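Novice: Give me the fold of what follows.
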Amino acid sequence: MTRLRRHRARIAVTLLPVLLALLHATGVWRLPLVERLDHFIYDARLRAAMPGTRDPRIVIVDIDDVSLQQWGQWPWSRDKLAKLATELTTRQQAAVIGFDVVFAEPDHSAGLETLQQLARGPLRGNAGFETELQRLAPELDRDAAFARALAGQPVALGYYFTRTEAPRARGRLPAPLLAPDALPPNGTYATQWNGYGANLEALAAAAPRAGFINSVIDANDDGVIRATPLLARYDALDKASDGAASGYYESLSLAVYRLASGADSVRPVLAQGAKPPPPLEALVVGRGAGRIVVPVDSQAGVLVPFRGNGGPDGGSFRYIPAGDVLAGRLAPAELRGKIVMVGATAPGLQDLRATPVSATYPGIEVHANVVSGLLDGRMLTVPDYAPGYDVAMLVMAGAVLATGLSLLSAPPAALLAIATAAVLVGLNAWLHAQARLVMPLAAALMMVSLAFGINMSWGYFVEERGRRGLARLFGTYVPPQLVDEMLERPHLYSMRAESKELTVMFCDMRGFTRLSEQMAPVELQAFLNEVFSRLTEIISQRRGTIDKYMGDCVMAFWGAPVGMPDHAALAVQAAVEMAAAVREINQAHLARGLPGISVGIGLNTGVMSVGDMGSAVRRSYTVVGDAVNLAARLEGLSGYYGVEIVANRSTQQSALAYIWQELDQVRVKGKEQVVTIFTPLAAAEQQTVALREELEAWGAFLLAYRAQDLVAAKAALAPLVARSAKKFLYRLYTERLASMALQPKIRNWDGATRFETK
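Specialist: The predicted structure is shown next:
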């Protein structure tokens, strides 16, 4: 107890992150960063838990680009859709068909309307013509043909709800699933809408089962679809003009599931013992032994139980091009007993969604995943007591950390923080796996991290100063030989931020993704360690300071903390040697039958801020500023120009020991100033007559190019292309000249290329 009193200030400081996390958990002060972290954790956990297997019960008939090329642009005429529906229901014997398509407009491609106009015009009164018109009318009315194909079949059509200041309604809604009074009138139990876009009267009458296709329950701050509603409330317009009834309507996913399972009822379940209005807890779908209880959130929504990667190659569902169905390429009864979902993946039809699985996920597969989850009872839920769980975890973990961290030395305190985080993560994962509960975790993890960081910062006291203190500060950032130099005059160095001219480098590994797909994790780790060790060795030998490793990228700078007048030349020398080292490693790698890699290096010399920067949780000795951002942009340009190293003019002029070739004048993203960029070709002593002539011809070409003198530019570029036909840079400018020839000259053009991406 005495020790606790002695450390009460430290305990109080440690409790500050606990208080901050509690404010978030109770909703008093929601922290966007914590919410984004919760989304990230949910998405990662979802991807890790996906079964990754195909559901053989559900097939997606895909209106893809190939089908559109074969059968014409969308929308297809209704006789084609009638043929599609007939093929699926009759020849293929599908159990259920769900259309993620809205048929709100009449088919104006039909000839019936034209003949009717003639009958009212010049041919009015022609008995023979009118008789023939009556005979042909059923064949020419394609909407009616589609309706006949749907009539009496297990089909669910799609429609959508809208909410606007001036409500509008098109088409005909199905009958509501639940009456308006099925849920208490003073509560909000579903998303609410006042308009809709539904199917034509004839189609809705032929296929009375339908469901809405709205996907997003509410607007997530990141725009990712994680949940979808099963019910939506529609408040009817004036019945004289609308004809639809107020009530709760079912989603397309629920409608398809009910058709497939034969569930004839849906009953809402409200929380017991809650103060009015009681929240919605679940939907009971069906009756008797075949019923299922679907847990839902307060808006009648469910988290989408994604099975795996989306699309035809995702492996979750079988995709069949709609064109193949229309052409009769499937064997008879190949889809017997299947649930068929008809939708589009063609990008032009704009039914691709951002999901935790993919940024371009087919909307039809979102519905298919929900149907699959309902069939399996594999639905996740966020229970209404999730905030209380979050508060309980924060209080218990915060109390342990506040006392334990304050009493323990640094190593045991670190172990305590790690153990606390592990318990929180383990309990959360267990609830997810065993009870399919999605519980909050981000606030607790943030609290553990901040509590440990603040506690250690409070308890840390610098016992040594001078030389040893300087070695500890800079030893992890700079090469040992530079630390030795600094120790000779420690009073000249500190971690305080300052502005000075430095040279910064970004080195990124190309082809790493393909490599990671073909190597086992242990082999990949060994390979990365080999590459990074070699690159780090070169940077250290050339007196560079390692800033950080970012995935497969290395950031370093020259000129700090130890000043050196030749920092640009040293950085260029390091870049050339690093590129050569990667080529050597690459040769050995290719000999083993693995894909090759390369590097892209960006160099920039300029004034930047350098010093100890970061947050209370993590700080580092680093450089920031526009000059640093420019170096990162230049690294990204290396692949565009087909070179390994890209540097700006200031770096080139400070490293005259190399022969440089000008690449271009550019405006990078976020900057309007034109930057001239170069790449080193060879050391100055390796200059040859042929190389000098090539660079002179290249300079003449650039002058003509920037003057928009296409004739002179082509004449200057042609011998360069003939001499170095494989050089990517020359092929790039050949394509630019071809493009410029098709366009008028640009007034006030300065010859610079603008890049809008990083």
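
Novice: low-confidence ranges in this structure?
Specialist: 1-7, 108-140, 216-221, 238-242, 274, 459-496, 614-619, 758 (pLDDT under 70).

Novice: Domain parsing of it, as residue ranges.
Specialist: Domain ranges of the chain: 2-30+385-459, 58-376, 495-684, 688-758, per automatic domain parsing.

Novice: Now render the ones you listed as CSV, adding mean neighbour count and distance to residue 37.
Specialist: From N, CA and C alone the C-beta is placed, and that goes for glycine too. As requested, these are exported to CSV (neighbours: other C-beta atoms under 10 Å; distance: least, C-beta to C-beta, whole Å):
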stretch, mean neighbour count, distance to residue 37
domain 2-30+385-459, 17, 4
domain 58-376, 18, 12
domain 495-684, 18, 13
domain 688-758, 13, 23
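
Novice: possible to save these as TSV with distance to residue 44?
Specialist: Formatted as TSV, these follow (distance: least, C-beta to C-beta, whole Å):
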stretch	distance to residue 44
domain 2-30+385-459	11
domain 58-376	8
domain 495-684	16
domain 688-758	24
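
Novice: can you confirm residue 692 is in a helix?
Specialist: Yes: judged by DSSP: H, G, I helix; E, B strand; the rest coil, residue 692 forms part of a helix.

Novice: distance of it from residue 657?
Specialist: Going from residue 692 to residue 657 by C-beta to C-beta, to the nearest Å gives 16 Å.

Novice: Strands along the stretch 201-350 of the chain, start to end?
Specialist: For the stretch 201-350 of the chain, applying DSSP state E, counting those that start in this stretch gives strands covering 210-212, 227-229, 231-234, 247-250, 266-270, 280-285, 292-295, 301-303, 318-321, 339-344.

Novice: Need the contact partners of stretch 712-729.
Specialist: 641-643, 661, 663, 694, 697-698, 700-701, 704-705, 730-731, 733-734, 737 (C-beta atoms under 8 Å, 6 or more residues apart in numbering).

Novice: Narrow those residues to those in helices?
Specialist: Counting by DSSP state H, the contacts of stretch 712-729 place 641, 694, 697-698, 700-701, 704-705, 730-731, 733-734, 737 in helices.

Novice: what's the longest strand in this structure?
Specialist: Longest strand of the chain, by residue count under DSSP state E: strand 598-614.

Novice: Could you give the secondary structure assignment for residue 85?
Specialist: Going by three-state DSSP: residue 85 is helix.

Novice: Okay, and the residue nearest to it when sequence neighbours are not counted sits in which element?
Specialist: Once flanking residues are discounted, residue 85 sits nearest to residue 149: 4.2 Å by C-beta to C-beta, 6 or more residues apart in numbering. Residue 149 is part of helix 142-150, with elements assigned from DSSP states H and E.

Novice: cool, residue 153 as well?
Specialist: With DSSP H and E as the test, residue 153 turns up in no helix or strand.

Novice: residue contacts, it?
Specialist: 85, 89, 97, 207.

Novice: Then residue 420?
Specialist: Counting by C-beta under 8 Å, 6+ apart, residue 420 touches 397, 400-401, 448.

Novice: Could you work out the end-to-end span of stretch 337-352 for me?
Specialist: End-to-end distance for stretch 337-352: 28 Å, by C-alpha to C-alpha, to the nearest Å.
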